[in-house]
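Trainee: For reference, the sequence and a predicted model appear below.
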Amino acid sequence: MGREKKQTSPETKRKNRKRKIILGGFGYLILVLILLRFSTPPASLQLEIRKAEDPPLREVCQDDKQIYPPTSWKSQLPAFAPDGKYYIDVADFKLGKKKILGVFKTDTQKEVGRYYSAYSSLFIFCWAKDSSGIYVADRDPGGTGFGIFSPPGKIGPTRKVIVP
């Protein structure tokens, strides 16, 4: 009493093959989207992490107003360096999951470098008095406001993005 092998029609085989191709393609698309979500290009500008013994920002900054996010309804972007040679602007990256800080030359309006935030937003504190860079900190605003079930916000270390 051997088990009889079920014969499948060519039509059924074709349908099964189509299902496998569709499911395989969908799985591949999901994998590519996951990889894109977690991959961020490296910053094209040099970074310097501030240490505890460094002077406070109010002593090294050109202005005491936070550039981004704006503290009033009036945005301060693009923000120009004290010497006027460079300016910065912010854009969304990866559907709002990260921010890009772009540094541009004022006379040519060409981008000279980028800094990518590690979280979904960032603080841009100020330009250095000597126009050597801009002080930033990566920021994750946290949860959606559903009480104890929302994750807390995070702020990364303050960095100086060095302008070339």
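Mentor: The structure has been received and is ready for your questions.

Trainee: I'd like the distance between the residue minimising distance to the centre of the chain and residue 134.
Mentor: Central residue check for the chain by CA atoms, centre = their mean: the C-alpha nearest the mean position is that of residue 98, 2.4 Å away. According to CB to CB, to the nearest Å, residue 98 and residue 134 sit 17 Å apart. Backbone N, C-alpha and C define where each C-beta goes, glycine included.

Trainee: And for residue 57?
Mentor: Counting by CB to CB, the gap from residue 57 to residue 134 is 11 Å.

Trainee: if I look at the two, which residues touch both of them?
Mentor: Taking CB atoms under 8 Å, 6 or more residues apart in numbering as the contact rule, residue 57 and residue 134 both touch 125, 126.

Trainee: neighbour-wise, which of the two wins?
Mentor: residue 134 (27 against 15; other CB atoms under 10 Å).

Trainee: Next, the contact list for the more buried one, please.
Mentor: 67, 79, 88, 101, 103, 124-128, 160-161, 163.

Trainee: so what's it bridging to?
Mentor: Residue 134 has the following beta-bridge partners by DSSP bridges: residue 127, residue 161.

Trainee: repeat for residue 98
Mentor: residue 93.

Trainee: ok, of the contacts of residue 134, which one's closest to residue 13?
Mentor: For these, the minimum distance to residue 13 (CB to CB) is 55.1 Å, reached by residue 101.

Trainee: What distance do you get for that closest one to residue 108?
Mentor: 19 Å.

Trainee: Of those two, give the one with the bigger neighbour count.
Mentor: Neighbours per residue (other CB under 10 Å) separate residue 101 from residue 108, with residue 101 holding more: 22 against 8.
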